[in-house]
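*Asks:* Got a sequence here, can you model it:
(2 chains)
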Amino acid sequence: MSRVVPIHPMDDFKERSRVALNDPGQRKNFRGAMDFLQAKRRGQFPDLEELESLRELGASIRRYSLSRLPQLLEQLEANLTAKGVQVHWAQSAEEANAIALGIARRVQARTIVKGKSMVSEEIGFNHAMEAAGIEAFESDMGEYIVQLAGEAPSHIIMPAIHKTKHEIATLFAKEVPGVAYTEDVDGLIQIGRRVLRRKFADADIGLSGVNFAVAETGTLCLVENEGNGRMCTTVPRVHIAITGIEKVVEKLEHVPPLLSLLTRSATGQSVTTYVNFISGPRKADELDGPDEVHLILLDNGRTQAYADLQLRATLQCIRCGACMNHCPVYARIGGHAYGTTYPGPIGAIISPHLLGLESTYPLAFASTLCGACSEVCPVKIPIPDLLVRLRNEAMARPDGDDATLRGSGTARSVIDTTIWSVWSQVYGRLGLYRLASWFMSRGRALSPTEQGAWTRSRTPLIPAAKRLRDLLKERKP
Amino acid sequence: MSATLSARNSILARLRAAPIADAPATPDVQAWSASHRRDEDPVQRVSRLRKALEAAHAEVHDTTPNDWAALLLNLAVAKNVRRLLVGADTPHGATLQACRPEGLELLRYERPIAAWRDALFDAIDASLTLARSAIADTGSLVLWPSASEPRLMSLVPPVHFVLLDATRIHADLQSAMSAEAWTHAMPTNALLVSGPSKTADIQQTMAYGAHGPRELVVLMIHAEGACA
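*Replies:* From the prediction side, this is the model:
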């Protein structure tokens, strides 16, 4: 099965955005889906006072948890280990895949069935397993569709949001043996159910993500609607959970507010169909559940965000996707244009830590800083501030004090820095400003017709024939 | 384990080397919940739970300690259930068994899953389990799977019947966790179930019976004489 390897942005980002903007079918899919998700979320928060105080509480829980992150990770590890869960630590995607592969080889696994996990997408899990001869099947309906099509998810909560039922019907008729073309959504879901039931029953390992890890009880909390997450964590004899190190909270009582914010912000549900609290492998007298439970704690650049007090807010994220659902840029270019595992505003602020600024800095610039994302963020991440910070990092002097990230200074260019330093000189001195504006208004015929990115889709900027001060002077009686 | 051990130490060292944030106060979750809890009597709470469950496509039936078994058997017949899975050693399983239902085979979950996985996946039409409690805010049943009522009972069979004692309904998850002192004894798996399995992954169209049960049927047991 072909699998799209994550493509990283750089110059391609603009080209992919241009293509996406010129695809009316895809734009209609995204617009419709965004309107739907926005309305669903709004319906869940009729009481604005409750929403604001809950967001404040959610943000304080996340900030509190992050402030104690190393202690909480150790507490989580100790409590999980005491319950028989094996805890592994991975600094990079390669290390995480190697750990999973080591477990798979030891238990002689041939197939892995997967619940929805964006971290597994982040580390290229399926690809790594396939390269080692182990089949990894996606079981979330959206992820299953996307895997069948050989694509990557275009949204972190609704992976197949870019596809119409017509496209899915065509895909199923072509790829699933013995299936006739049907656009009936119930019928399509039943096809997926039938195919995947066998996978659950036969798989050697189940892989899942984690929504919240509770340090005080040693509990992994997973939310879902379909039941595939429960299948993956209950039927196979081995369960591997993988999560970023930031997902830990201290107390079980910290879960309900975050859970409420998560499901209401993500899909506009008061709760998902299933909320699964897992605190260990099968006990001696129990009749089902995995014999082994593993937790892989992944860094993959998160400690870089953690090291900076401003950028640390990035790690408050609970992955609800509300920021992308409300982002005017995401709605127009869709998830694939970003070229990163996490698209949308959260993708723009987390990807530089996972992949480096070299390949991801254009994402920070693809924003009008309208602030819709931070307004809906259930844990109050100041996303526009972080975008501005990342822009500054990208333009910083690579060896300067303000370059603190992997790839800082990557977008710095002599032309840009010269233009802006001249600009700041001119705008900082009145005499110089008057002189410069006089020359510009009188020499407007000399304005260049090519003005970089501006003229790619706009007419050139030409200074007015008369400056404001000239006009005001004329109005004097 | 040495690679992952050194990874552990490196990650923790990097986190510890990071600047310390102005320590945010311990979040007071209890206070927030208390100030946002609605004033309601048990009857209102039952009706809130029912509304939320029905909105999520679950069926809710009121019944009594003496009548639930007959109701369940009727519902099972109406839903064409021929094989019903019950726990190996539960009072409600025994009650059903004592009814000697005709045309309905009662199966007991008494062997480890590996011994009969295919039968569970292919040959069982429905299951019956007990809910530990419920949550009115979100229309959630709290299930506490155990050796006598294993995890897959509420997941694999296409129809899931649940017995719920109507006096065990909490306002919200926070209250359920505190009242039942969850932190002291988390089971291998604790669960909230809030309707039949569903998905909206195809063009935001809701479809039920994704991977878990297509139907969730709640039998709410009220004390004899109490009215719903």
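
*Asks:* For residue B:75, grab the count of nearby residues.
*Replies:* 18 (other C-beta atoms under 10 Å in any protein chain shown). Every C-beta, even on glycine, is put in place using the N, C-alpha and C of the backbone.

*Asks:* Show me where the chain dips below the pLDDT cut-off.
*Replies:* This is for chain A. A:1-11 (pLDDT under 70).

*Asks:* right idea, wrong chain: chain B
*Replies:* B:1-2, B:225-228.

*Asks:* those helices in the stretch 1-150 of chain A, which residues are they?
*Replies:* Per DSSP state H, counting those that start in this stretch, the stretch 1-150 of chain A carries helices over the ranges A:11-21, A:24-44, A:48-67, A:69-82, A:93-106, A:118-122, A:125-131, A:141-148.

*Asks:* doesn't residue A:316 make contact with residue A:381?
*Replies:* Yes. Using C-beta atoms under 8 Å, residue A:381 is in contact with residue A:316, at 5.3 Å.

*Asks:* The two: which has the busier surroundings?
*Replies:* residue A:381 (23 against 20).

*Asks:* now that one: how far from residue A:70?
*Replies:* Counting by C-beta to C-beta, to the nearest Å, the separation of residue A:381 from residue A:70 is 21 Å.

*Asks:* Specify the local secondary structure of residue A:283.
*Replies:* Put simply, residue A:283 is coil when judged by DSSP: H, G, I helix; E, B strand; the rest coil.

*Asks:* okay, now it: neighbour count?
*Replies:* Taking other C-beta under 10 Å as the criterion, the count of residues near residue A:283 is 13.

*Asks:* give me every residue that touches the residue lying closest to it once chain neighbours are set aside.
*Replies:* Among residues not flanking residue A:283 along the chain, residue B:188 sits closest, at 5.9 Å (C-beta to C-beta, 6 or more residues apart in numbering or on different chains). When the contact criterion is C-beta atoms under 8 Å, 6 or more residues apart in numbering or on different chains, the partners of residue B:188 are A:278, A:279, A:280, A:281, A:282, A:283, A:286, A:289, B:145, B:151.

*Asks:* Quick one: check stretch B:11-21 for contact with chain A.
*Replies:* Yes. Stretch B:11-21 lies within reach of chain A by C-beta under 8 Å from any C-beta of the partner chain, at B:11, B:12, B:14, B:15, B:16, B:17, B:18, B:19, B:20, B:21.

*Asks:* So which of those are in helices?
*Replies:* Among the residues of stretch B:11-21 next to chain A, the members falling in helices (DSSP state H) are B:11, B:12, B:14, B:15, B:16, B:17.

*Asks:* For residue A:14, give me its contacts.
*Replies:* residue A:362.

*Asks:* Which stretches in chain B count as strands?
*Replies:* Secondary structure of chain B (DSSP state E): strands at B:59-63, B:83-87, B:105-109, B:126-130, B:133-135, B:140-143, B:159-165, B:169-170, B:189-193, B:198-199, B:207-208, B:215-221.

*Asks:* These: which one's closest to residue A:475?
*Replies:* Nearest to residue A:475, of all the strands of chain B, is strand B:198-199, at 66.2 Å by C-beta to C-beta.

*Asks:* Tally up the residues packed near residue 94, please.
*Replies:* Defaulting to chain A. 13.

*Asks:* Chain B was what I was after
*Replies:* With neighbours defined by other C-beta under 10 Å, the count for residue B:94 comes to 11.

*Asks:* can you check the one 4 residues further on too?
*Replies:* One way to gauge burial is a neighbour count; for residue B:98, by other C-beta under 10 Å, it gives 9.

*Asks:* got it, and residue A:47?
*Replies:* 10.

*Asks:* what's it in contact with, if anything?
*Replies:* No contacts exist for residue A:47 under C-beta under 8 Å, 6+ apart.

*Asks:* what separates it from residue A:54, distance-wise?
*Replies:* In terms of C-beta to C-beta, residue A:47 sits 9 Å off from residue A:54.

*Asks:* picking that back up, filter the contacts of residue B:188 to the buried ones?
*Replies:* A:278, A:279, A:280, A:281, A:282, A:286, A:289, B:145, B:151 (16 or more other C-beta atoms under 10 Å in any protein chain shown).

*Asks:* between the helices of the stretch 1-150 of chain A, which gets nearest to residue B:184?
*Replies:* Comparing these by C-beta to C-beta, helix A:69-82 comes nearest, at 13.0 Å.
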